[in-house]
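*Asks:* Sequence below, structure please.
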Amino acid sequence: MRPFRRAVLSGAAAMLAAPSVRAQGLARLRVGVIPVVDIAPLQAAIRQGYFAAEGLEIDTAPAPGGAALLPALAAGTFQVAFSNVVSILLGIQEGIDFRFLAGSVRSGQQPPDISALVVRKGSGLATGKDFEGRRLASNTRANIIWLRGVEWVAKTGGDWRRVSMVEVPFPQMADALVNNQIDGALINEPFLSSALAGMGDRIARIAWTFSDTAPGSSIAQYAAMADWLARNGELAERFSRALYRGVDWVEANRGEAVDALISSYTRIPPARLQGIGMPMYEKSIAPASIEAVHRAMGRFGIGGRLPPVAELLFRTAAG
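*Replies:* The predicted structure is shown next:
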């Protein structure tokens, strides 16, 4: 049995499905999230009342990575899950009927970016070749962080198959690095800025793994199940409208207001978020951007067959 489908089946046995219900006049949606900068528009839309204006109550549940949320989405525990494009595509390749509900983020064209490779100062590690036989941490395996990490290894002269890729949650990466449990960490914002602010005397950034390998590329989206969307298309449209209003709010309030928002759900002090790298937020998904990620997956051993990408985009994601 394939790993993703095994996770879905085991998750389904342990979780109760949670369909949309009416709560105080609002339709309640359970949304799986990761506490990173990518979900700032979702949090803004909750706090600014944009979802309530659409008649929705959003109940969020956090996870260390999008790959952990997708089995729960397939099991019916969530109606919507934020996840990275690689994990969503892996599920689709294995026959799980995920659909892209709404756009979220893509990488910037140039640094600073939202993900970086960090090492111990004095380690001498500077290229992919240097990482052969070393331990490099991603929050989960075979996700977009992992993909751009191994792509950076290959681009800078290393054999990615000779690098030991290990899983460490973002909040624990810096400690694992300084304690010699790993040799490099692929850290996402806001944990990147916080780690450099608190441990800058011991750790250093050596690469921007998104913009160094695939500037302007797709990173993450909001996903839902195809059958749920077929029954709840109008709810999905309301969700997306409110989310995209949250994108507008974040773009209009970059700086202290957005730092305070990110601090509220990550518990990182705002002072450590100054100058934080931010992604490019999207209101639609270009099929070509998904196809480019899928080609990269094939180059690094996790590709497979997909339906035409345009068929995987719900109307709220297609623009």
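
*Asks:* Can you give the contact residues for the longest helix anywhere in the chain?
*Replies:* Counting residues, the longest helix found in the chain (DSSP state H) is helix 233-252. With contacts defined as C-beta atoms under 8 Å, 6 or more residues apart in numbering, helix 233-252 is touched by 20, 27, 29, 40-46, 48, 50-51, 53-56, 79-80, 101-102, 222, 224, 229, 258, 261, 281-283, 314-317. In short, each C-beta sits where N, CA and C put it, glycine included.

*Asks:* Buried residues, that helix. List them.
*Replies:* Neighbour counts over helix 233-252 (16 or more other C-beta atoms under 10 Å) mark 235-236, 238-250 as buried.

*Asks:* any idea how far that helix is from the chain center?
*Replies:* Relative to the chain's own centre, helix 233-252 is displaced by 18 Å; criterion: C-alpha atoms, centre = their mean, to the nearest Å.

*Asks:* cool, and stretch 257-266?
*Replies:* Offset of stretch 257-266 from its chain centre (C-alpha atoms, centre = their mean): 17 Å.

*Asks:* Kindly report the same for stretch 68-87.
*Replies:* 11 Å.

*Asks:* what about it, how long is it end to end?
*Replies:* For stretch 68-87, the first-to-last residue distance is 9 Å (C-alpha to C-alpha, to the nearest Å).

*Asks:* let's have the chain start at 54 instead
*Replies:* Right, with 54 as the first residue, what we last looked at is stretch 121-140.

*Asks:* Go through it and flag the buried ones.
*Replies:* Here stretch 121-140 shows 121-140 as buried, counting by 16+ other C-beta under 10 Å.

*Asks:* and the residues you listed, which of them are in strands?
*Replies:* Judged by DSSP state E, the buried residues of stretch 121-140 include 133, 134, 135, 136, 137 as members of strands.

*Asks:* For residue 153, see how far away the fourth one is.
*Replies:* I take that to be residue 136. Distance of residue 136 to residue 153, given as C-beta to C-beta, to the nearest Å: 10 Å.

*Asks:* Quick check: neighbours shared by those two?
*Replies:* With contacts taken as C-beta under 8 Å, 6+ apart, residue 136 and residue 153 have 274, 275, 276 as neighbours in common.

*Asks:* Can you add pLDDT, secondary structure and neighbour count and give the residues you listed back as CSV?
*Replies:* Shown next, in CSV, are the shared contacts of residue 136 and residue 153 (pLDDT from 0 to 100; DSSP: H, G, I helix; E, B strand; the rest coil; neighbours: other C-beta atoms under 10 Å):
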residue, pLDDT, secondary structure, neighbour count
274, 97, strand, 28
275, 98, strand, 26
276, 98, strand, 33
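
*Asks:* Please, where are all the strands along the stretch 54-203 of the chain?
*Replies:* 74-76, 79-86, 109-115, 133-137, 151-159, 168-173, 188-191 (DSSP state E, counting those that start in this stretch).
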